[in-house]
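In: Have a look at this prediction, sequence included:
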Amino acid sequence: MSSSLTCLVTDFGSTISADAIDHLIGQKPVDPAAAAALRTLHNDLALRIILASNTQPYETRWPALQKAGIDDLFSVALLSYPLGVRKPAPLFYRLVLAAAEAPPEQVLFIGDNLQRDVVAPVAHGMRAALVRPQGLRPGEELPGQALLISHVRELPQLLRTA
């Protein structure tokens, strides 16, 4: 999979974030294992990394990325509130592809929501990985070549061996 992969697009909540809110920054912090994986993907595999997240007016995501020391890994942050468009609107994914500066087949979109982070990106020609510690829910089915992982920390090894 990694041979032609040039860009990783990641959701935030429940994909790279911890579960509990850090009250000092007013949002969920980045999971340290996810931060380490993103560093590896950026530094060792030379992937361009984009944040693509549905947000509320008060959610900037930057305090969490800065506190984790990974804000400099992100080339672009596509946050729905300031953009005025949310996943799964087709325009959101067109913006992702424009920011990726790569053909859709070279972009891997990861997230915890089957429809918004896997089905919709695949429909736009991207690759996708669903991040679910408990696996698929009853009645859910992954499209085509989409991956199922329990945590972002699995990606570096998975992409190296693919």
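Out: Cool, got the structure. Numbers count the residues shown, from 1 in each chain.

In: Can you report how many residues neighbour the closest residue in space to residue 58 that isn't next to it in sequence?
Out: Leaving aside its sequence neighbours, residue 58 sits nearest to residue 26 (CB to CB, 6 or more residues apart in numbering; 7.3 Å). C-betas here are computed from N, CA, C, even on glycine. By the criterion of other CB atoms under 10 Å, residue 26 has 12 neighbours.

In: ok, which stretches of the protein are strands?
Out: Counting by DSSP state E, the chain has strands at residues 7-10, 48-53, 74-79, 107-111, 127-131, 147-149.

In: Let me have the ones you listed in a markdown table, adding mean neighbour count as columns.
Out: Formatted as a markdown table, these follow (neighbours: other CB atoms under 10 Å):
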| stretch | mean neighbour count |
| --- | --- |
| strand 7-10 | 25 |
| strand 48-53 | 22 |
| strand 74-79 | 18 |
| strand 107-111 | 27 |
| strand 127-131 | 25 |
| strand 147-149 | 17 |
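
In: Make CSV from the ones you listed and add distance to residue 33 and mean pLDDT to it.
Out: Below are the strands of the chain laid out as CSV (distance: least, CB to CB, whole Å; pLDDT from 0 to 100):
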stretch, distance to residue 33, mean pLDDT
strand 7-10, 14, 98
strand 48-53, 16, 98
strand 74-79, 18, 97
strand 107-111, 14, 98
strand 127-131, 12, 98
strand 147-149, 12, 97
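
In: Adding distance to residue 59, write the ones you listed out as JSON lines.
Out: Converted to JSON lines, the strands of the chain look like this (distance: least, CB to CB, whole Å):
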{"stretch": "strand 7-10", "distance to residue 59": "15"}
{"stretch": "strand 48-53", "distance to residue 59": "8"}
{"stretch": "strand 74-79", "distance to residue 59": "7"}
{"stretch": "strand 107-111", "distance to residue 59": "16"}
{"stretch": "strand 127-131", "distance to residue 59": "19"}
{"stretch": "strand 147-149", "distance to residue 59": "24"}
